[in-house]
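> attaching a predicted model along with its sequence, questions to come.
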Amino acid sequence: MRKFAIAATVAVLGLMAPPASAESYNLTVAGASPGGLWSLLGAGLDAAVKAAHPGSTVTYQTSGGGLANVAVLQRKDADMGIVHDAELQVAKQGSAPFSEPVEDLRVLSYLYTWAPMQPVIRADFAKEHGIDTFADLAARQVPVRVAINKRGNIASEVALAMLEAIGAGPDEIEAWGGDVIYAASGEQATLMQDRRVDMTLNSIFVRHRSIMQQADAIDLKLLPIAPETQTAVNERTGTGDFVIPGGSYDWAPDDTPTVTLGAALVVRADMDEQTAYNLTKALFENHDKIAGVHRAMNALTPEIMAAQTVVPYHAGARRYLSEAGLM
């Protein structure tokens, strides 16, 4: 009887023990500055992991952004990092600021793919110089003053790649009487409003306030990118094709092809496989927690989350994606 009672007690305790999936996590994710979209994504990641693993915490850690987050991961100063796909390409290639290829980065999930490069030009300037497409800048050797993002920002690197792909690099533009100005998004809007630049070229969400601010002051035109330019830029930078839907702006009625930056949740390759599996499962099965952090994230789906191609998904993530029919 005593042995039976002990066995019964053990069985009951076994039934009461939490399942393996109830394991909690205390993790950090490196993002960018506080208060931006990435900080909201940090909150969404925390909510998604908490939903699957009660008691878990994902703490958002401010950082210099995606390129800095690669170094943060390498130093093991964070468990996860948000990194643009174009920044993953830079790291993979070992281009500056890296001295050699970074080979130990792995992805758990894409977070978004819709921060398109938007070539916005003053409508009167475009009419004066006969500019209807992005390639016309080079074909007509236009003396354009174009504002791109600040030096060191991946959006400025993609902008330069776009300009160079059509034969309108900074040296050419300067020879034609124009200039390339490096300025943050808010500064670009002011420069355009004051007519100190003729064009802005930046990676931002459609209907971003900086563009809407410009449109309130002056008439604008959105320039389409040719397929061959898209291909050249994508191969060089890791960006992807994108179409800004016609009607997104009152002054841009037609679909406008361009390239886009996306952002991924990145970890080190040495993350425990079961941990990576559990986290990926939590993110995908609770993706509504991430999509709900901002209206700009509403389009997030498991299919998009599984679509990153620059660096490999973690082995644990691949196992979940295979089980879910997403790989």
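The structure has been received and is ready for your questions. Predicted model only: the values in this text are computed from it and were never measured. Numbers count the residues shown, from 1 in each chain.
> ok, longest strand in the protein?
Longest strand in the chain by number of residues (criterion: DSSP state E): strand 105-122.
> tell me how far that one is from the chain's mean position?
Counting by Cα atoms, centre = their mean, to the nearest Å, strand 105-122 is centred 4 Å from the centre of its parent chain.
> and for stretch 24-40?
Using Cα atoms, centre = their mean, the offset of stretch 24-40 from its chain centre is 14 Å.
> numbering from 32 from now on, please.
Got it, the first residue is 32 from now on, which makes the last one we talked about stretch 55-71.
> list the buried residues of it.
For stretch 55-71, the neighbour count (16 or more other Cβ atoms under 10 Å) marks 56, 58, 59, 60, 61, 62, 63, 68, 69, 70, 71 as buried. Backbone N, C-alpha and C define where each C-beta goes, glycine included.
> please tell me I have it right and the first one contacts residue 83.
No - counting by Cβ atoms under 8 Å, no contact exists between residue 56 and residue 83, whose distance comes to 9.6 Å.
> common neighbours of those two, please.
Residues touching both residue 56 and residue 83 by Cβ atoms under 8 Å, 6 or more residues apart in numbering: residue 309.
> avg pLDDT for the longest strand of the chain?
Mean pLDDT, computed over strand 136-153, is 96.
> check stretch 106-122 too.
Here stretch 106-122 scores 95 as its mean pLDDT.
> all strands of the protein, in order?
Counting by DSSP E, the strands of the chain are 57-61, 88-92, 111-115, 136-153, 176-179, 210-213, 230-234, 251-253, 271-275, 287-299.
> partner strands of the shortest one and their direction?
When you say that, I think you mean strand 251-253. strand 136-153 (antiparallel) (DSSP bridges).
> only alpha carbons, please: show the partner strand as PDB.
Taking C-alpha atoms only, strand 136-153 is exported to PDB below (Å, rounded to 0.1, in the frame of the first residue of the first chain):
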ATOM      1  CA  LEU A 136      23.800  35.300 -38.000                       C
ATOM      2  CA  ARG A 137      20.500  33.400 -38.100                       C
ATOM      3  CA  VAL A 138      16.900  34.600 -38.500                       C
ATOM      4  CA  LEU A 139      13.900  33.700 -36.500                       C
ATOM      5  CA  SER A 140      11.400  35.900 -38.300                       C
ATOM      6  CA  TYR A 141      10.900  38.600 -40.900                       C
ATOM      7  CA  LEU A 142       9.200  41.500 -39.100                       C
ATOM      8  CA  TYR A 143       8.200  43.700 -42.100                       C
ATOM      9  CA  THR A 144       9.100  44.100 -45.800                       C
ATOM     10  CA  TRP A 145       7.500  47.400 -46.600                       C
ATOM     11  CA  ALA A 146       9.800  50.300 -46.000                       C
ATOM     12  CA  PRO A 147      10.200  51.200 -49.700                       C
ATOM     13  CA  MET A 148      12.700  53.700 -51.100                       C
ATOM     14  CA  GLN A 149      10.500  56.500 -52.300                       C
ATOM     15  CA  PRO A 150      11.900  58.800 -55.000                       C
ATOM     16  CA  VAL A 151       9.800  62.000 -54.400                       C
ATOM     17  CA  ILE A 152      10.500  64.900 -56.600                       C
ATOM     18  CA  ARG A 153       9.000  68.400 -56.900                       C
END
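> angle of it against strand 287-299?
150 degrees (axes from the mean of the first three to the mean of the last three Cα atoms, to 10 degrees).
> the inter-axis angle of strand 136-153 versus strand 230-234?
Using the same axes, to 10 degrees: strand 136-153 against strand 230-234 is 160 degrees.
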